[in-house]
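**Student:** I would like the atomic coordinates for the input below:
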Amino acid sequence: MKVCEIFASIQGESSLAGIPMVFVRLTGCNLRCSYCDTKYAYYEGEELSINKVLEKIHSFPFQYVEITGGEPLLQDETYKLINELVKSHNVLIETNGSIPIEKVNPEVKIIMDIKTPGSGMSEKNYIENLRFLKKIDEVKFVLTNRDDYEWAKNFIKNHEIKANEILFSPAYGILNPAELAKWLINDGISVRLNLQIHKYIFGNIRGV
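**Tutor:** You can find the predicted model right below:
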């Protein structure tokens, strides 16, 4: 499988924000979101065997592992890696929501994007994925402006989302988190404001 980087850091997003874990960033993505902060993962990386990836993961002392990208579900080997990892770790996978998720091991927490119009990729959402979400999973809307916010509100109103956590994330450096917080408070929306705290801790750099 082609791997962009493997590193340990603080989880910056989701309900697990603040927890140290291992990140496996796989190479390749089928989308080109306007706010993408990991463009280097489109192509950079090296071919590693699953055993080599597991060896690197086991060299860290952390119980949690997140598989991310790029888009990790583009590589068939990802499923084999997941099935090995769940034997020893708590596993998360972050996916852009355009690839079917039904084959993902049910022990894995899926963090799935639903692309808003501001991403330029909203037509790529694979809506059928909503059927396969579990309560432990999380759904994330990255918002660039008020129009994205209203779009996301209408989406959750018009679709059944079984995941316990719905994340509204202001695009870093584009939408002021204070503005989003005011909208959520004024509208009484029961979602989680999702900041990328690793960027506030380390800055907007790779490998964190």
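
**Student:** any idea how far residue 197 is from residue 15?
**Tutor:** 12 Å (CB to CB, to the nearest Å). Just so you know, the C-beta spots here come from the backbone N, C-alpha and C atoms, and that holds for glycine as well.

**Student:** again with residue 21
**Tutor:** Taking CB to CB, one finds residue 21 at 13 Å from residue 15.

**Student:** do the same with residue 202
**Tutor:** For residue 202 relative to residue 15 (CB to CB), the value is 20 Å.

**Student:** still on that earlier bit, out of residue 21 and residue 15, which sits in the busier spot?
**Tutor:** residue 21 (19 against 15; other CB atoms under 10 Å).

**Student:** Show me what secondary structure element comes after the helix or strand hosting the more buried one.
**Tutor:** Element membership of residue 21 [criterion: DSSP states H and E] is strand 20-26. Downstream of strand 20-26, the next assigned helix or strand under DSSP H and E is strand 46-47.

**Student:** which residue packs closest to residue 156, ignoring adjacent ones?
**Tutor:** Leaving aside its sequence neighbours, residue 156 sits nearest to residue 166 (CB to CB, 6 or more residues apart in numbering; 6.2 Å).

**Student:** now do residue 198
**Tutor:** Among residues not flanking residue 198 along the chain, residue 12 sits closest, at 3.1 Å (CB to CB, 6+ apart).
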